[in-house]
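In: Sequence below, structure please.
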Amino acid sequence: MKQVIYQVLPRFFGRYKTGNVPNGSIMQNGCGKFNDFDDRVLQQIRDLGATHVWFTGIIRHATQTDYSRYGIPRQHPDIVKGRAGSPYAIADYYDVDPDLAVDVSRRMDEWMALVNRTHRVGLKVIIDFVPNHVARQYHSIAKPEGVKDLGEGDNTDYHFSTGNNFYYCWQQPLDLSGIPAEKDDERYQEMPAKATGNDHFDNHPSRNDWYETVKLNYGIDYCDAGGRSVHFNPIPDTWSKMTDILLFWAQKGVDAFRCDMAEMVPTAFWHWAVDKVKYIHPDIQFIGEVYNPSLYRDYLNAGFDLLYDKVGMYDCLRAVICHQRNAADITQAWQATDDIRDHMLYFLENHDEQRIASDFFAVDAKKALPALVVATLLQRNAFMVYAGQEYGEKGMNQEGFSGHDGRTTIFDYWTLDTIQRGFFDRRRLHKEERMLEKSYRKVLSQLICENAVHSGQTFDLMYVNPQLSQRQFAFLRKAATDILLVVANFDDKDVSVDVNIPQHAFDFLAIPQRNFKANDLLSEESLSGKLSAAEPITMLIPAYGARVWKIKL
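Out: Here you go, the predicted structure:
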């Protein structure tokens with residue numbers, strides 16, 4: 001079964017509707033809850049075609065909202081980005097976000113109930129594992145008995161030690177003078193300063209740094225006489241503590257971990273930790289956020305199941321959608337990872353990237369439909385959708401800490417009208433939103449179930465079709481007696497094209513040359529002709545559309 005991951009930030013996903021005040025509090029702007037993902041909502045996600053739900057921001061992170069009456073330590077506003085805070089500034093690896101609970105005192109019970117509901121409708125659960133950094137005021141109040149906290153027992157007289165969980169700027173206080181104060185009261189104090197999460201090892205991070213986080217120490221001395229050295233024997237203390245955290249969540253029914261900035265953590269740790277987790281939970285998956293293509297195979301060898309294909313396929317498809325690159329460049333994008341193709345995770349949106357429909361990307365979400373067809377049907381690998389993408393969410397709000405940037409904020413309390421309409425008041429869905437959702441549902445819930453898609457071979461047709469190279473992309477998929485001829489049109493007008501199929505394709509896929517009748521799985525239109533290396537197949541393709549011709553041998 002081809003995997004389809006549906007990413008959602010529960011904070012903006014709920015039944016509430018408020019005024020959306022920029023920089024608004026949770027009382028002003030509301031917040032989605034675990035309970036908003038009831039059986040009906042989860043079934044709707046399943047019906048879209050999803051096999052997994054990535055619940056983003058589950059583990060408790062730093063926030064400006066005060067939960068001290070529940071025994072949860074307050075976080076200093078100087079080191080929290082936005083009123084809600086970043087889901088990637090973890091404050092307690094053993095706790096869940098109180099924002100998402102109806103009854104804060106029973107927040108873990110509410111989360112476990114959601115895990116059970118998700119499994120009950122046939123979906124698997126993904127959560128973030130943030131291994132590289134934690135919130136500056138990290139302190140676990142929920143850790144199991146006998147577990148030592150991160151930083152507990154660190155010798156702060158050392159910049160680096162394998163026995164330390166953090167790096168320290170010896171005898172230097174944290175200097176936040178380059179970062180505007182959130183409030184006029186006393187500024188956050190830290191002595192000695194800890195190194196900042198984005199590998200910033202002095203005591204004065206800038207506004208552009210991950211100043212709200214501190215770097216975890218996996219046994220690499222980044223400042224060893226001006227160079228870098230590794231110290232993995234004895235096993236660094238951080239390795240054991242982080243592996244225990246993975247096991248804690250695996251035992252709670254999590255099916256996969258999306259590992260944030262995995263490439264900032266050494267592969268030696270992943271070899272050690274993934275092996276231990278999979279020994280006990282052999283079916284669990286690890287999904288790595290790795291941006292350097294030269295490191296892909298190293299991280300797969302370390303135990304990862306899927307890796308982001310951002311620098312390759314995402315960047316290419318985005319440029320093709322925006323008519324900045326030719327469609328023929330897609331061939332180079334998939335060929336670069338052909339030996340590991342089943343391990344690449346394709347996507348057109350996620351929380352880090354700009355929304356397709358934003359003014360910074362394509363403006364109109366339907367321009368990406370040919371890219372959706374290519375990304376989902378080209379190979380057998382997984383595909384990811386970001387909540388609201390199927391309705392054309394624009395991400396053009398200026399929510400607070402997150403500015404006018406075409407992204408949906410991960411730092412602020414905010415409501416998405418597209419989510420409200422799409423899941424909680426469908427009568428208000430706009431015509432364009434309904435049509436877009438229908439297209440996504442057709443591709444994700446029907447086309448990827450085709451035998452030729454989830455288990456078939458691929459044959460790229462672009463090398464014998466130079467006439468298509470700018471705005472169209474064509475390929476074949478075949479499994480057993482099923483053939484799919486897929487042609488995507490990235491142009492803003494309908495086009496009539498001739499598609500050549502070379503002799504090599506007939507030989508490689510064992511396709512007989514004969515007359516055929518085909519149905520378009522997207523439109524249910526029909527086409528007849530001859531499968532032959534000597535003559536092309538002529539077809540009309542709609543603007544920003546595609547043909548998926550199914551031929552039954």
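
In: number of nearby residues for Lys431?
Out: Residues near Lys431, counting by other C-beta atoms under 10 Å, number 7. All C-beta spots, glycine's among them, are computed from the backbone N, C-alpha and C.

In: What distance separates the opening and closing residues of stretch 468-487?
Out: 10 Å (C-alpha to C-alpha, to the nearest Å).

In: how close does Tyr211 get to Gln137?
Out: Separation of Tyr211 from Gln137 (C-beta to C-beta, to the nearest Å) stands at 13 Å.

In: Which one of those two is surrounded by more residues?
Out: Taking other C-beta under 10 Å, Tyr211 and Gln137 do not tie; Tyr211 has more neighbours (24 against 18).

In: what about the residue most central in space within the chain, which SS state?
Out: By C-alpha atoms, centre = their mean, the chain has its centre lying nearest to Asn350, at 5.0 Å. Look at Asn350: counting by DSSP: H, G, I helix; E, B strand; the rest coil, its state is coil.

In: Tell me how far it lies from Trp170.
Out: Using C-beta to C-beta, one gets 38 Å for the distance from Asn350 to Trp170.

In: Just the buried residues of stretch 310-321, please?
Out: By 16 or more other C-beta atoms under 10 Å, the buried positions in stretch 310-321 come out as 310, 312-314, 316-318, 320-321.

In: what about dumping the CA coordinates of that stretch to CSV?
Out: Extracted C-alpha coordinates of stretch 310-321, given in CSV (Å, rounded to 0.1, in the frame of the first residue of the first chain):
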residue,chain,number,x,y,z
LYS,A,310,13.1,18.6,-0.6
VAL,A,311,16.2,19.8,-2.4
GLY,A,312,15.5,17.5,-5.3
MET,A,313,11.9,16.8,-6.2
TYR,A,314,10.1,19.5,-4.2
ASP,A,315,12.3,22.3,-5.4
CYS,A,316,12.0,21.0,-9.0
LEU,A,317,8.3,20.7,-9.0
ARG,A,318,7.8,24.1,-7.4
ALA,A,319,10.0,25.7,-10.1
VAL,A,320,8.1,23.8,-12.9
ILE,A,321,4.7,25.0,-11.4
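
In: can you list contacts of it?
Out: With contact meaning C-beta atoms under 8 Å, 6 or more residues apart in numbering, stretch 310-321 is reached by 291-293, 308, 325-327, 329-330, 332-334, 336-337, 344, 346-348, 353, 356, 361-362, 367-368, 370-371, 374-375, 473, 490.

In: How far away from the center of its chain is that stretch?
Out: Put simply, stretch 310-321 sits 15 Å off its chain's centre (C-alpha atoms, centre = their mean, to the nearest Å).

In: Please identify every residue contacting each of Tyr211 and Gln137.
Out: Ile79.

In: residues in contact with Tyr456?
Out: You called it Tyr, but residue 456 is Gly. Counting by C-beta under 8 Å, 6+ apart, Gly456 makes contact with 380, 477-479, 482, 484.

In: which two from these end up farthest apart in space?
Out: Using C-beta to C-beta, the contacts of Gly456 reach their maximum pairwise distance at Arg380 and Asp482, which is 14.0 Å.

In: Wait, Ser455 touches Asp482, no?
Out: No. Between Ser455 and Asp482 there is no contact under C-beta atoms under 8 Å: 9.8 Å.

In: so where do the helices sit in the stretch 251-400 of the chain?
Out: 267-280, 296-301, 315-321, 329-335, 369-377 (DSSP state H, counting those that start in this stretch).

In: any idea which of the ones you listed is most buried?
Out: Mean neighbours per residue, mean count of other C-beta atoms under 10 Å, is largest over the helices of the stretch 251-400 of the chain for helix 369-377, with a mean of 25.

In: so for that helix, what's the average pLDDT?
Out: The average pLDDT within helix 369-377 is 98.

In: One more: stretch 105-125?
Out: Mean pLDDT, stretch 105-125: 98.

In: Tell me the buried residues in it?
Out: Those would be 107, 110-111, 114-115, 117-118, 121, 123-125, for stretch 105-125 by 16+ other C-beta under 10 Å.

In: What is the nearest of these to Leu416?
Out: Nearest to Leu416 among the buried residues of stretch 105-125: Leu114, at 19.4 Å, using C-beta to C-beta.

In: what's the closest non-adjacent residue to the closest one?
Out: Phe34 (4.5 Å; C-beta to C-beta, 6 or more residues apart in numbering).

In: And the pLDDT for the one you found?
Out: Reported pLDDT for Phe34: 98.

In: is it fair to say Asn116 lies in a helix?
Out: Yes. Counting by three-state DSSP, Asn116 falls inside a helix.

In: still on that earlier bit, more neighbours, Ser455 and Asp482?
Out: The residue with more neighbours, out of Ser455 and Asp482, is Asp482; 17 against 14, by other C-beta under 10 Å.

In: Show me the beta-bridge partners of that one.
Out: Legend: beta-bridge partners of Asp482 under DSSP bridges are Ala479, Lys552.

In: so what's it up against?
Out: 450-452, 456, 550-553.

In: Of those, grab the buried ones for ChimeraX.
Out: Buried residues within the contacts of Asp482, by 16+ other C-beta under 10 Å, are selected in ChimeraX with:
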select :450,452,456,550,551
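
In: All good on my end, thank you.
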